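Enquirer: here's my sequence, what's the structure:
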Amino acid sequence: MNGLTNKKFDNEYNEIKTKALEKMATVKRDISLEQEPAVPRVQHTALSQQHAALTQQNNVLLYQNHTLLQQSSALLQQVVKTMLLFACNAKAESKKIIVWGAGQGGVKTFELLEHYGVEIHVFLDSSPEKNDTLLKRLSVFSHGILNTDTLWRHSGCVVFIASIAHNQIAWKLETMGWREGSSYFIVPEIILSHNFFPVC
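Expert: Okay, here's the model as predicted:
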């Protein structure tokens, strides 16, 4: 929602600015061609009015974008707190923490949780080429270990799904007996798309 709103504001601002710049260029060209002193003064007045209108529109857009940034920051803090609560509950129950997703989303989730002192034990990924590799000093395994290795069953682990394919991953977990909110957590897009850690 925030991304769409920001895009709308950006488009409106760019449209206003483009029209204003085109108008300014036309006025300047007319001024250079016109010899009568009264005409440039009229054009200059129109240009000044256009500039004032553009400045006012720009101030409105800046205020709206500032409000959106504040709303986004508050939402981000709320999401992080929810993730940390989920992780703390898992730690209190001596459960291992898994991040499903060995791409950028997985790395951001790992760095966020590590920043707040949460220990991640292993990465999972559905891509065969990533299996049996290392990421952030941790092993990357196939999700098949959740079925074949008793060490990684849902009774002793929780999963943070950090992938754009979260719906498919959640479905796989559900078919294996995992439940959202108790044994797995879908990391929201607002976390995967940010490069900073909010202060909670």
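Enquirer: can you give me the helices in this structure?
Expert: Ranges of helices in the chain, per DSSP state H, are 2-33, 38-92, 104-115, 145-148, 166-175, 189-192.
Enquirer: buried set for the fifth one?
Expert: Of the residues in helix 166-175, His166, Ile169, Ala170, Lys172, Leu173 count as buried by neighbour count, 16 or more other Cβ atoms under 10 Å. All C-beta spots, glycine's among them, are computed from the backbone N, C-alpha and C.
Enquirer: now for it, which elements pack on it?
Expert: Counting contacts by 3 or more Cβ pairs under 8 Å, 6 or more residues apart in numbering; DSSP states H and E, helix 166-175 packs against strand 157-161, strand 184-186.
Enquirer: mind putting the ones you listed into TSV with distance to His121?
Expert: Conversion of those to TSV gives the following (distance: least, Cβ to Cβ, whole Å):
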stretch	distance to His121
strand 157-161	8
strand 184-186	14
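Enquirer: in JSON lines: the ones you listed, plus distance to Gln57 and mean neighbour count.
Expert: Shown next, in JSON lines, are the helices and strands packed on helix 166-175 (distance: least, Cβ to Cβ, whole Å; neighbours: other Cβ atoms under 10 Å):
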{"stretch": "strand 157-161", "distance to Gln57": "42", "mean neighbour count": "23"}
{"stretch": "strand 184-186", "distance to Gln57": "39", "mean neighbour count": "21"}
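Enquirer: in CSV, list those along with mean pLDDT and distance to Thr150.
Expert: Shown next, in CSV, are these (pLDDT from 0 to 100; distance: least, Cβ to Cβ, whole Å):
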stretch, mean pLDDT, distance to Thr150
strand 157-161, 94, 11
strand 184-186, 94, 18
